[in-house]
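Visitor: only geometry, no sequence info:
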Ligand code: FES
């Protein structure tokens with residue numbers, strides 16, 4: 001009988017014969033599970049985390065009995081060295097049903113590693129964004145001012161700054177924020193030399209905004225998450 005096997009986080013899946021070990025299945029399907037001892041239950045490098053439940057994404061249902069029960073090699077290994085709670089040894093656990101197997105980073109040969117530390121000199125924060133908390137008067141029948149103009153006016157009047165424009169892509173967040181807000185919204189304004197623009201809006205009071213810069217290189221991906229107001 002054949003069994004469906006899904007490995008995460010790689011997303012590799014396929015079918016294997018009933019009774020093979022998870023490590024054998026990984027080798028057949030090309031999934032990345034480490035093994036130093038060659039499946040003798042000594043090294044512990046093949047630890048995997050089985051999942052149970054219904055996985056609609058892959059169309060599989062996994063039960064506790066989809067893997068063989070704890071083997072003697074695992075008991076012996078656990079008596080001498082640490083086996084993470086909930087983990088099994090991939091070289092000992094045998095596949096008896098459809099399974100979804102997570103391969104934790106400690107068991108991946110090709111796990112991702114951070115090669116470079118971030119080495120920042122002290123910097124002077126000069127944020128290009130500001131958050132403005134606003135109280136918006138209730139609209140009256142016959143008002144000819146649009147929601148966008150009402151927000152822009154409120155920024156200028158309540159915070160004594162140059163009236164911003166409203167970026168077109170912000171209109172959807174702006175309308176939904178105002179609908180939920182009960183008269184109180186926070187807007188994010190981006191400043192450039194010639195222009196201030198409302199780029200986002202949230203209902204109520206918000207005091208933090210985050211941005212992420214991503215550098216996609218040929219061999220390295222670098223990301224830097226930044227609190228926009230404080231740096
Ligand atoms: S491969 Fe060494 S313990 Fe499983």
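Guide: Nice, I can see it. Quantities reported herein were computed from a predicted structural model and do not represent experimental measurements.

Visitor: Verify the contact between residue 161 and residue 155 for me.
Guide: Yes: at 6.4 Å, residue 161 and residue 155 qualify as touching, with contact defined as Cβ atoms under 8 Å. Glycine gets a C-beta too; all of them are placed from N, C-alpha and C.

Visitor: Pull up the overlap in contacts between those two.
Guide: Taking Cβ atoms under 8 Å, 6 or more residues apart in numbering as the contact rule, residue 161 and residue 155 both touch 132, 189.

Visitor: Name all residues that make contact with residue 17.
Guide: Neighbouring residues of residue 17 by Cβ under 8 Å, 6+ apart: 1, 2, 3.

Visitor: Same question for residue 10.
Guide: By Cβ under 8 Å, 6+ apart, residue 10 lies in contact with 31, 32, 103.

Visitor: which residues are contacting the lowest-mean-pLDDT helix or strand in the chain?
Guide: One helix or strand of the chain scores below all others by mean pLDDT, DSSP states H and E: helix 171-181, with a mean of 81. The contact list for helix 171-181 (Cβ under 8 Å, 6+ apart) reads 136, 147-148, 151, 166, 185, 187, 198, 200-204.

Visitor: Check which helices and strands the lengthiest helix in the chain is in contact with.
Guide: Longest helix in the chain by number of residues (criterion: DSSP state H): helix 147-159. Identification of packing neighbours for helix 147-159 by 3 or more Cβ pairs under 8 Å, 6 or more residues apart in numbering; DSSP states H and E yields strand 129-135, strand 165-166, helix 171-181, strand 184-191, strand 196-203.

Visitor: Next, the residue of the chain most remote from its centre: secondary structure please.
Guide: Ranking residues of the chain by C-alpha distance from their mean position (Cα atoms, centre = their mean) puts residue 142 at the top, at 45.8 Å. Judged by DSSP: H, G, I helix; E, B strand; the rest coil, the three-state class of residue 142 is coil.

Visitor: Would you agree residue 127 is in contact with residue 229?
Guide: Yes: using Cβ under 8 Å, residue 127 is in contact with residue 229, at 5.2 Å.

Visitor: Compute the distance between the closest residue to residue 60 other than its chain neighbours and the ligand, please.
Guide: With Cβ to Cβ, 6 or more residues apart in numbering as the criterion, residue 60 has its nearest non-adjacent residue at 4.2 Å, and that residue is residue 98. Going from residue 98 to the ligand by Cβ to the nearest ligand atom, to the nearest Å gives 22 Å.

Visitor: burial count for the nearest residue to residue 191 once chain neighbours are set aside?
Guide: The shortest distance from residue 191 to any non-neighbouring residue, by Cβ to Cβ, 6+ apart, is to residue 128 (5.3 Å). Number of residues near residue 128 (other Cβ atoms under 10 Å) recorded here: 11.

Visitor: In contact with residue 128, which residues are there?
Guide: So residue 128 contacts 190, 191, 192, 228 (Cβ under 8 Å, 6+ apart).
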